[in-house]
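A.B. asks: output the structure for:
(chains A and B)
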Amino acid sequence: MSDITKQSLSELVENIKCKKLSSSEVTKAFVERSEKSKELNAYITEDYANALNKAKKFDEKPNLDLKLPGIPMAVKDLFCTRDLRTTAGSKILNNFVPTYESTVTQNIWNEGAILMGKLNCDEFAMGSSNETSFFGNVQNPIDKNLVPGGSSGGSSSAVAAQLTPITIGTDTGGSIRQPASFTGTVGLKPTYGSCSRYGIVAFASSLDQAGPMAQNVKDCALLQEVISTYDEKDSTSIDFKRNEYSKELTKDIKGKKIGIPKEYRVDGMPKEIEDLWKKGIEYAKDCGAEIIDISLPHTNYALPTYYIVAPAEASSNLARYDGVKYGFRAEGENLIDMYEKTRSEGFGAEVQRRIMIGTYVLSSGYYDAYYLKAQKVRKLIKHDFDEAYKKVDAILTPSTPSSAFKIGEKTNDPVSMYLNDIFTVPVNLAGLPGISIPAGHDAKGYPLGLQIIGKAFDEQNILNIAYAMEEKINFKNNITDWWIK
Amino acid sequence: MSKNKSEYLINRHDNQYEVVIGLEVHAQVTSESKLFSTSATKFGAEPNTQVSLVDAAFPGMLPVINEYCVKQAIKTGIGLKAKINKRSVFDRKNYFYADLPQGYQISQFKDPIVGEGKVILDMPDGQKEVGIERLHLEQDAGKSIHDLDPKNTFVDLNRSGVALMEIVSKPDLRSPDEVNAYIKKLRSIMRYLGTCDGNMQEGSLRADVNVSVRKKGSKEFGTRCEIKNVNSIKFMQMAIEYEANRQVDLIEDGQTIDQETRLFDTKNNETRSMRSKEDAHDYRYFPDPDLLPLEVSDDFIENLKSEIPELPDEKKKRFIEKFKLSPYEANILVSDIETSNYFENVIKKSDVKLATNWIIGELFAALNEKNLEITESPISAGNLSKLINLIKDGTISGKIAKTVFEQMMEGDKDPKKIVEEKGLKQESDPKALEALIDKVIDDNRDKATEYKSGKVKLFGFFVGQVMKVSGGKANPQLVNEILKKKL
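C.D. replies: Prediction:
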């Protein structure tokens, strides 16, 4: 089969299960395509030889009852992987090799998947374009010099370019959904507490969630089923009844009430986005859903709230990168000097900016005005959703206020970069699940995504809605393999 | 004793100053594993052998609360007659140091697990109540070792993440003696509860001491200084004395006291400025997002209450009421759980009054001389109780008992056997004693005459002589009776 890498995860699983394909054949195909795709810079660390060996071993004694039998997979470099360098896209962890495995990746390997390598991302997941990575920009396979979104930019690029059949990202303020939207792929941010944070390099602990990034909704549901487990090692993990999302997936969403929040019609929103949203509403109606106008009155405050809460937590979470125990260390005259040099040289500009913002908002005398107030607003934002969900089953919004932009276009304007997360951030603040599905193209032919936001723990419902709409939308990505010579 | 007599005041010129002291005691929770990880907590292990990935703050590692430590803190709270907060919150206290791997200490800032309580002190002039402000759980830091290498500092993370209870008193203490009594009482309560071993040499109990002074009669507090991390009662007392006098001197000199953190230099017996209020760390406390608020149910607390043993105050009351001990005796016997256990074991089968005297008197002196704890006593409670019974039933005299006791201290021997082997049994046969006494009177005719003519003081002389001749074995009571008749 010459077109192995064009197959979806579900097709590959099926073909391996009925022995039409071996893990080695599949792994080799993705490794070869990854090797030809270095220009995308999607990988930080490649582990191809090991992957091929593991595939061979799998084929010698294949366990075809597993959910991801012998499936090769590259993952975002924010997940700690035993014996394979984990950098979080930062110089400060350039040489860090964990002796342990994150729960989410362990769940994946337990179902038979094979690690191919670690995917590029914004440094410590702080960014919306993958331009803050110490390991350089990632190209969007849609077009040369186009950002793949961020922070899971390596992941979105790799899935869209079919360097990996599926992958996982992390989403703190939109880092799965926005890159999915920019690359014409599907990305799910699960309910906070659904996927364990154990072994994931922390950015903002109260917002971080791992989630699947896939070519289609069905694949996404399958991986969510694998990665979502209750974990005693994460005190914020929640023990709720998890569905078998892929098995229970249905396109029957007749009578589902879908809310349209008026506050998401933001000033200066491009007409293309407005049109996409309208189209999305029509698709949802076509699927039998009932459309209801709703209000989420505190939406305007979500972005400023996020840019207080997330940097505050980050400033503390990143204190451990001090050159003392592991990772990069710059020599210094004394302890303080060593700290200052290590952290000045080890962290990039965006990370330093957020550490400073976070340190400031937590400082004595400013704490009440910023951090405490932000926590109060966060409660109001959550309350908005609670009220809305008394009337509707899910909420439909655009994923992003624009399509992918050019590399370098926004790097000198952090605020305009931050505005990219305007539709995704409230979902993290409220701890809800949200999925981005590709829904159309802009005038330049770049993909645009729609976001479906669900009730807490109601991943199945938004996956179903996404599944139904996906069929109606019938989106096709225009990828020309321009980077392969 | 009048109240004023024991009042601790500092006199300068015509002014009298009162010292106001509050303590923040850091007590290591007795627990097999750390507050947020499963690493062991044994004292004295090889450096960095009790360190998990969580303790060393590896990327992606998360804290998980140790339920046992929570129970220990609540038990301590119950022992301090304190309010148990059903909801408490762990905060991060952010600062950089080489032995603080996370870059923050997980502590409880706004919402501690235990609220207000009290500790009763038995002072020479009566009881004194010291208020407890709060008790909270927090992680210990690692240890920096600066003197092993001229250029490098070594870090031992064995202690990193070990559970501590910070017990904050109200500024109710007024003298070094009260501080001594307070620490001892706190230690005693926690040892009864098994929540902290109170071992100050191993650093299981240390304190930050807040000291201020004010003119006697003044209602307002003076500016306080905090003396950090003092690890023995003696040093606490010395530090307070030095610091209070320093502050009084400043005031008398017309200067003001700067609120600051100070260190106690044990070599030079003085406190030295560590950092001023302006240089104080901004710890940027905020709730730890890795941990949910800690919520405990009424049932959980009630279950723990049922596990609380009889505590020193209650035990003291019982000893006084049931055994008719004096408050002084009761205080000594309840001061630590091992002593009171020993006492209660001895009196199971022997006379309370004698047991009290022998434990507080002979046993404590002997243990003290050998520098032994009661748990290391060569004489078991069972054998001491046998010895007391030998005295009580007249088999041996109190004096002989001391000889037997000395032998018992050499090894836990049965006192009955010692008495038999050495022939120390008391002579209580009246006929044998009469013969002895006749001989003594005969040998001292002149003194006998003097006695009869009114020099009654000589009676003691005759008793002594009889005892001497009998080798100390004569029953003193019988000797008295017979002598009286014969003389």
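A.B. asks: centroid-nearest residue for the chain?
C.D. replies: As the question left the chain open, I've gone with chain A. A:Ile176 (2.1 Å; Cα atoms, centre = their mean).
A.B. asks: please refer instead to chain B.
C.D. replies: Nearest residue to the geometric centre of chain B (Cα atoms, centre = their mean): B:Lys184, 3.6 Å.
A.B. asks: run through the residues that contact the residue nearest to the centre of chain A.
C.D. replies: Counting by Cβ atoms under 8 Å, 6 or more residues apart in numbering or on different chains, A:Ile176 touches A:152, A:155, A:169-170, A:187-189, A:211, A:213, A:436. All C-beta atoms are positioned from the backbone trio N, CA, C, and that covers glycine.
A.B. asks: can I get those residues in JSON lines including pLDDT, distance to B:Leu384 and neighbour count?
C.D. replies: JSON lines is the format used below for the contacts of A:Ile176 (pLDDT from 0 to 100; distance: Cβ to Cβ, whole Å; neighbours: other Cβ atoms under 10 Å in any protein chain shown):
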{"residue": "A:Ser152", "pLDDT": "98", "distance to B:Leu384": "74", "neighbour count": "39"}
{"residue": "A:Ser155", "pLDDT": "98", "distance to B:Leu384": "75", "neighbour count": "38"}
{"residue": "A:Gly169", "pLDDT": "98", "distance to B:Leu384": "73", "neighbour count": "33"}
{"residue": "A:Thr170", "pLDDT": "98", "distance to B:Leu384": "68", "neighbour count": "27"}
{"residue": "A:Gly187", "pLDDT": "98", "distance to B:Leu384": "77", "neighbour count": "37"}
{"residue": "A:Leu188", "pLDDT": "98", "distance to B:Leu384": "74", "neighbour count": "36"}
{"residue": "A:Lys189", "pLDDT": "98", "distance to B:Leu384": "72", "neighbour count": "34"}
{"residue": "A:Gly211", "pLDDT": "98", "distance to B:Leu384": "71", "neighbour count": "31"}
{"residue": "A:Met213", "pLDDT": "98", "distance to B:Leu384": "76", "neighbour count": "32"}
{"residue": "A:Ser436", "pLDDT": "98", "distance to B:Leu384": "80", "neighbour count": "33"}
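A.B. asks: from the residues you listed, which two are the most distant?
C.D. replies: Largest separation among the contacts of A:Ile176 by Cβ to Cβ: A:Thr170 and A:Ser436, giving 14.4 Å.
A.B. asks: neighbours around the nearest residue to A:Ala284 once chain neighbours are set aside, how many?
C.D. replies: Nearest residue to A:Ala284 in three dimensions, chain neighbours excluded: A:Ile258, at 5.2 Å (Cβ to Cβ, 6 or more residues apart in numbering or on different chains). Neighbour count for A:Ile258, taken as other Cβ atoms under 10 Å in any protein chain shown: 24.
A.B. asks: okay, and A:Ile258 sits in which element?
C.D. replies: Assigned by DSSP states H and E, A:Ile258 belongs to strand A:257-261.
A.B. asks: for the next helix or strand after that strand, packing partners?
C.D. replies: Heading C-terminal from strand A:257-261, the first helix or strand you meet, by DSSP H and E, is helix A:271-286. Applying 3 or more Cβ pairs under 8 Å, 6 or more residues apart in numbering or on different chains; DSSP states H and E, we find helix A:271-286 packed against strand A:257-261, strand A:290-294, strand A:394-398, strand A:434-441, strand A:447-454, helix A:459-473.
A.B. asks: list the buried ones in the third one?
C.D. replies: Read that as strand A:394-398. Within strand A:394-398, the residues that count as buried by 16 or more other Cβ atoms under 10 Å in any protein chain shown are A:394-398.
A.B. asks: show me what contacts the residue lying closest to B:Pro312 once chain neighbours are set aside?
C.D. replies: Leaving aside its chain neighbours, B:Pro312 sits nearest to B:Val334 (4.6 Å; criterion: Cβ to Cβ, 6+ apart). Shown in contact with B:Val334 (Cβ under 8 Å, 6+ apart): B:188, B:312, B:315-316, B:319, B:340.
A.B. asks: widest-spaced pair of these?
C.D. replies: Farthest pair in these, by Cβ to Cβ: B:Ser188 and B:Phe319, 14.3 Å.
A.B. asks: make TSV out of the helices and strands packed on helix A:271-286 and add distance to A:Ala349.
C.D. replies: Formatted as TSV, the helices and strands packed on helix A:271-286 follow (distance: least, Cβ to Cβ, whole Å):
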stretch	distance to A:Ala349
strand A:257-261	34
strand A:290-294	39
strand A:394-398	29
strand A:434-441	28
strand A:447-454	28
helix A:459-473	36
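A.B. asks: okay, and the residue lying closest to A:Leu419 once chain neighbours are set aside sits in which element?
C.D. replies: In space, not counting the residues next to it along the chain, A:Leu419 is nearest to A:Pro401; the distance is 6.6 Å by Cβ to Cβ, 6+ apart. Using DSSP H and E, A:Pro401 falls within no helix or strand.
A.B. asks: number of nearby residues for the residue in the stretch 351-487 of chain B that chain A sits nearest to?
C.D. replies: Residue of the stretch 351-487 of chain B nearest chain A, by Cβ to the nearest Cβ: B:Thr375 (38.3 Å). B:Thr375 is flanked by 10 other residues according to other Cβ under 10 Å.
A.B. asks: that one contacts B:Thr339, doesn't it?
C.D. replies: No: using Cβ atoms under 8 Å as the test, B:Thr375 is too far from B:Thr339 to be in contact (9.3 Å).
A.B. asks: ok, back up a step: tell me the one of the contacts of A:Ile176 nearest B:Val346?
C.D. replies: A:Thr170 (66.0 Å).
A.B. asks: could you find the closest non-adjacent residue to the residue of chain B at minimum distance from chain A?
C.D. replies: Distances between chain B and chain A by Cβ to the nearest Cβ are smallest at B:Gly103, namely 2.3 Å. Nearest non-adjacent residue to B:Gly103, counting by Cβ to Cβ, 6+ apart: A:Ala319, 2.3 Å away.
A.B. asks: equivalent analysis for A:Leu9, please.
C.D. replies: Spatial nearest neighbour of A:Leu9, excluding adjacent residues (Cβ to Cβ, 6+ apart): A:Asp219 at 3.9 Å.
A.B. asks: flag the shaky bits of the chain, pLDDT-wise.
C.D. replies: Assuming you mean chain A. A:1-2 (pLDDT under 70).
A.B. asks: chain B was what I was after
C.D. replies: B:1-6.
A.B. asks: what about whichever residue of chain A sits closest to chain B, neighbour count?
C.D. replies: Chain A approaches chain B most closely through A:Ala319 (2.3 Å), counting by Cβ to the nearest Cβ. Other residues near A:Ala319 come to 23 when the count uses other Cβ under 10 Å.
A.B. asks: specify the beta-bridge partners of the closest residue in space to A:Gly184 that isn't next to it in sequence.
C.D. replies: Distances taken as Cβ to Cβ, 6+ apart put A:Pro447 closest to A:Gly184, at 3.4 Å, once the chain neighbours are dropped. Beta-bridge partners recorded for A:Pro447 (DSSP bridges): A:His441.
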